[in-house]
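[1] sequence unknown, structure follows:
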């Protein structure tokens, strides 16, 4: 280990400012924590090193490894390309690889700056952690020196010196309400029924609860759970089968975990079926996610102008698009918004409702390739802020709710459970200065007071994503 910072010992981080500041800060602190003397314009005095006014001399005379964060921004910015070209000149005078490139986003290979196009880039796009592991291995193999001045204590000291990252900065004593994506289940009855099935005559007892008219779930090969009474399933069971006996299980015993072990799963399954049957009554299309959860999404023409008008929790009228598009190289791809819901019993029965984005070439039929859709989703949604996800979710829930603001789940002829269109809200005893006070750009939809074009033309996508013509159901 080096006792101090010697000539040609620093790891220089070159990145686009401000686009990759967050990543550059993270990477710098990770390398410093491992003992590598590292310089980056967003940390500077981390290990006592002074600001380098002459970047060219710093790269040529004090840098042992030049780390270039390769992105759409750094690939075209004059400042980063100047640093890169300087490093390329230094590399020609040294033995071994002086430059290490880190691929952080979906910049296509053919668009990479020609002077580094054929290099083996360390992949940080899918996982910063795995990319860091590869970079640390590379630095060790190349015998890049460490320094006593760079260590966990120096990192900790740096954090404490940064007022903008102080946990107490901007926090003040005021109750703050936050919306969740939990939608409470209302109207649960006192009991759920366990029906024992038998048959007329001799033979196998075989029935499929998935084909029943009302939500039901098998308990054993001879019994099933439901909120419906025995008579409600007279036409659902095969002609030779009938309910011989019915017992009641209190819902509270299931919620309190006093019922047999499998019963909470049965109740959860009934709630899942109730949700899916309610949404299937709408005109939304269904797509099965990789975990077999059903996602219900919009296609072109399902709602007027592919846009939903709704009332926010604060009473303000707004709208959100549920279908949009982007165009690159003359090709257009469409994104489709959809939702899924997972029932949960604790702390109180509720549904966790999540938003999803799927893709098509024609605004109707989803892509078949899940990998292609995942790449497009990262590109399309990277600039979606929390309020965009939240408001789309609220818009869809309002769309499927009735005039009174409730979504009714059919559980039996006598029972429908209610879900409100608005989610549960939670209160925090303190509030803070919202980082969103920094002006940010909306992309494809606005409040009614605004009158801007909402065409979504902002995202970048690879030619591969646009040229795939697979049109089977999937995403």
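    Good, I have the coordinates. What you are looking at is a predicted structure, and each value in this text was computed from that prediction instead of being measured.
[2] how is the protein carved up into domains?
    Described in terms of automatic domain parsing, the domain architecture of the chain consists of the residue ranges 10-165, 191-264, 271-467.
[3] how far does stretch 179-186 sit from the chain's center?
    Averaging C-alpha coordinates over stretch 179-186 and over its chain gives two centres that are 19 Å apart (CA atoms, centre = their mean, to the nearest Å).
[4] what's the span of that stretch, first residue to last?
    End-to-end distance of stretch 179-186 (CA to CA, to the nearest Å): 18 Å.
[5] For that stretch, buried residues please.
    179, 181, 182, 183, 185 (16 or more other CB atoms under 10 Å). Quick note: C-beta positions are derived from backbone N, CA and C, even for glycine.
[6] Average pLDDT for it, rounded please.
    Rounded to a whole number, the mean pLDDT of stretch 179-186 is 95.
[7] Likewise for stretch 65-75?
    When pLDDT is averaged over stretch 65-75, the result is 96.
[8] List the contacts of that stretch.
    In this structure, residues lying in contact with stretch 65-75 by CB atoms under 8 Å, 6 or more residues apart in numbering are 11-16, 19-20, 23-24, 27, 59, 80-81, 83-84, 87, 90-91, 98-105, 107, 111-113, 116, 121, 135, 139, 142, 144, 460.
[9] could you list every residue that touches the residue sitting furthest away from the middle of the chain?
    Here the chain has its C-alpha centre computed as a mean, and the residue farthest from that point, by CA atoms, centre = their mean, is residue 201 with 54.7 Å. Residue 201 sits next to residue 240 when contact means CB under 8 Å, 6+ apart.
[10] Next: residue 59.
    Here residue 59 is in contact with 12, 66, 83, 86, 87, 90 (CB under 8 Å, 6+ apart).
[11] helix or strand for the second one, which one?
    Under the criterion of DSSP states H and E, residue 66 resides in strand 63-70.
[12] How many residues are close by residue 309?
    15 (other CB atoms under 10 Å).
[13] Could you tell me whether it really is in a helix?
    No: Residue 309 sits outside any helix when classified using DSSP: H, G, I helix; E, B strand; the rest coil, being strand.
[14] Show me what it is bridged to.
    Applying DSSP bridges to residue 309 yields these beta-bridge partners: residue 319.
[15] To which secondary structure element type does the nearest residue to residue 325 once chain neighbours are set aside belong?
    Sequence neighbours aside, residue 334 is the residue nearest to residue 325 in space, at 4.8 Å (criterion: CB to CB, 6 or more residues apart in numbering). Here residue 334 is strand, with the state taken from three-state DSSP.
[16] Renumber starting at 519 from here on
    OK, 519 is where the count begins now, so the last one is residue 852.
[17] pretty sure residue 852 contacts residue 845?
    No: under the contact definition of CB atoms under 8 Å, residue 852 does not touch residue 845, with a separation of 10.3 Å.
[18] For those two, indicate the residue with more neighbours.
    Neighbours of residue 852 and residue 845, each counted by other CB under 10 Å, are more numerous for residue 852; the result is 22 against 13.
[19] Next, work out how far apart the more buried one and residue 894 are.
    Taking CB to CB, to the nearest Å as the measure, residue 852 and residue 894 are separated by 10 Å.
[20] quick revisit: ranking by neighbours, what's the top pick from the contacts of residue 577?
    Neighbour counts for those peak at residue 605, which has 25 neighbours (criterion: other CB under 10 Å).
[21] name the element that residue belongs to?
    helix 596-609.
[22] Identify each buried residue in that helix, please.
    Within helix 596-609, the residues that count as buried by 16+ other CB under 10 Å are 598, 599, 601, 602, 604, 605, 608.
[23] Strands of the stretch 719-868 of the chain, start to end?
    Remark: strands of the stretch 719-868 of the chain, listed N- to C-terminal, are 735-738, 741-744, 759-768, 803-806, 812-815, 825-829, 835-839, 841-846, 849-862, 868-878; assignment by DSSP state E, counting those that start in this stretch.
[24] Note down every partner strand of the strand holding residue 584 and its orientation.
    Strands that pair with strand 581-588, judged by DSSP bridges, come out as strand 528-532 (parallel), strand 617-621 (parallel).
[25] quick one, which of the ones you listed is nearest to residue 671?
    Of all the strands paired with strand 581-588, strand 528-532 sits nearest to residue 671, with 18.8 Å by CB to CB.
[26] Now the element after the closest one, going C-ward?
    Following strand 528-532 in sequence order, the next helix or strand is helix 539-551 (DSSP H and E).
[27] what angle sits between that following helix and strand 581-588?
    Compare the direction of helix 539-551 with that of strand 581-588 by axes from the mean of the first three to the mean of the last three CA atoms, to 10 degrees and you get 150 degrees.
[28] now helix 539-551: how far from the chain's centre is it?
    Distance of helix 539-551 from the chain centroid (CA atoms, centre = their mean) equals 23 Å.
[29] Packing partners of the helix or strand following it?
    Downstream of helix 539-551, the next assigned helix or strand under DSSP H and E is strand 556-557. Contacts of strand 556-557 with other secondary structure elements, assessed using 3 or more CB pairs under 8 Å, 6 or more residues apart in numbering; DSSP states H and E, are made with strand 528-532, helix 539-551.
[30] would TSV of these with mean pLDDT and distance to residue 645 be doable?
    Output for those, formatted as TSV (pLDDT from 0 to 100; distance: least, CB to CB, whole Å):
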stretch	mean pLDDT	distance to residue 645
strand 528-532	94	19
helix 539-551	94	13
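[31] among the ones you listed, which is the most enclosed?
    strand 528-532 (a mean of 25; mean count of other CB atoms under 10 Å).
[32] For residue 752, give its distance to residue 689.
    When distance is defined by CB to CB, residue 752 is 62 Å away from residue 689.
[33] Could you point out which residue ranges in the stretch 819-968 of the chain have low pLDDT?
    Counting by pLDDT under 70, the stretch 819-968 of the chain contains low-confidence ranges at 951-968.
[34] At which residues are the helices of it located?
    In the stretch 819-968 of the chain, the segments counted as helices under DSSP state H, counting those that start in this stretch are 888-899, 904-918.
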